[in-house]
Each structure stands twice: as C-alpha cells, then as structure tokens.
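**Q** The sequence and its predicted three-dimensional model are supplied below.
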Amino acid sequence: MTVAIVWCYYKIINYFQYYNMSDKEPTNFEILQAINDYATKNDQRWEQNDKRWENNEGRLSRIESLMVTKDYLDDKLSDLKGDLVIIMRKEDAKLQALIDVLQKRNLISGEEARLILSMQPFPKLHVS
C-alpha cells in the first residue's frame with residue numbers, strides 16, 4: 001500500500017473513533033460518508049493551496065519584472081567606474097596645478113613636487 005492510502009485509512013479510522021463512539025461495526029453508508037467527508041475536506045485544502053500558489057506566482061512574476069539583470073548591473077557598474085576615473089583625473093589636474101603654484105612661490109622644492117606627483121592613483125614619473 002502506498003503511504004497516501006494508509007494515511008487515508010488512518011484518517012477514516014480516526015473519524016469513526018471521534019464520531020461513532022459505540023463498539024458496533026460501521027455500515028457501508030457510514031464508511032462511504034466518512035470517505036466523502038474526508039475527500040471534501042481534502043478538496044477544500046487543495047483549492048486553498050492552489051489559490052496560495054496562484055498568489056505566489058503573481059508575486060514572483062512581479063518580483064522578476066522589477067529585478068535587474070546581471071548585464072544591466074555590469075553596464076551600470078562599468079559606467080560608474082568610468083565616471084569615477086574622469087572625476088579623479090580632474091582632481092589630478094587640480095593637484096598638478098596646485099603643485100605648480102606652490103613650486104613657483106617657492107613653498108615646495110622640485111624634489112617634493114616630484115615626490116607628490118609620483119603618488120597614486122595617476123603617478124607622473126619624471127626621467128632626469
């Protein structure tokens with residue numbers, strides 16, 4: 001016997017023990033009535049589960065439509081990286097201009113200027 005059939009028999013026996021407290025043997029009608037009640041309750045449970053699954057499928061579809069794809073995310077991250085590099089290059093140009101001004105006013109030496117300009121992220125190497 002399969003597990004479902006054994007479980008069905010178990011439920012029917014419990015049903016009779018609950019509703020039919022006497023020691024007499026159940027009639028065929030009572031057995032069929034118990035099976036019918038059990039089947040009706042089972043159908044109701046399956047219908048409730050179907051409704052829940054339909055609701056979950058709708059929610060899942062909505063989530064999938066709002067979710068970004070890996071390609072989209074990769075494109076946006078590469079765009080952001082490019083924008084950050086451009087901003088850093090502008091800052092590097094400002095730093096270069098500031099060092100030139102400081103060097104012209106003799107506030108820093110040429111060696112100090114070369115040391116600062118040789119730092120990351122965009123090092124400038126001077127060949128002497």
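**A** Received, thanks. Just so we're clear, the structure is a prediction, and the values are computed from it rather than from any experiment.

**Q** And the helices in this structure?
**A** In the chain, the helices defined using DSSP state H lie at 3-19, 28-66, 70-104, 110-117.

**Q** so can I have CSV of those helices showing distance to residue 123?
**A** Heads up, the C-betas are built off the backbone N, CA and C, glycines and all. Formatted as CSV, the helices of the chain follow (distance: least, Cβ to Cβ, whole Å):
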stretch, distance to residue 123
helix 3-19, 72
helix 28-66, 44
helix 70-104, 10
helix 110-117, 7
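
**Q** Of all those helices, which one comes closest to residue 124?
**A** Residue 124 lies closest, by Cβ to Cβ, to one member of the helices of the chain: helix 110-117, at 4.3 Å.

**Q** ok, and for that closest one, which residues are buried?
**A** Counting neighbours by 16 or more other Cβ atoms under 10 Å, one finds that the buried residues in helix 110-117 are 113, 116, 117.

**Q** any idea how far the second one is from residue 38?
**A** When Cβ to Cβ, to the nearest Å is the yardstick, residue 116 and residue 38 sit 85 Å from each other.
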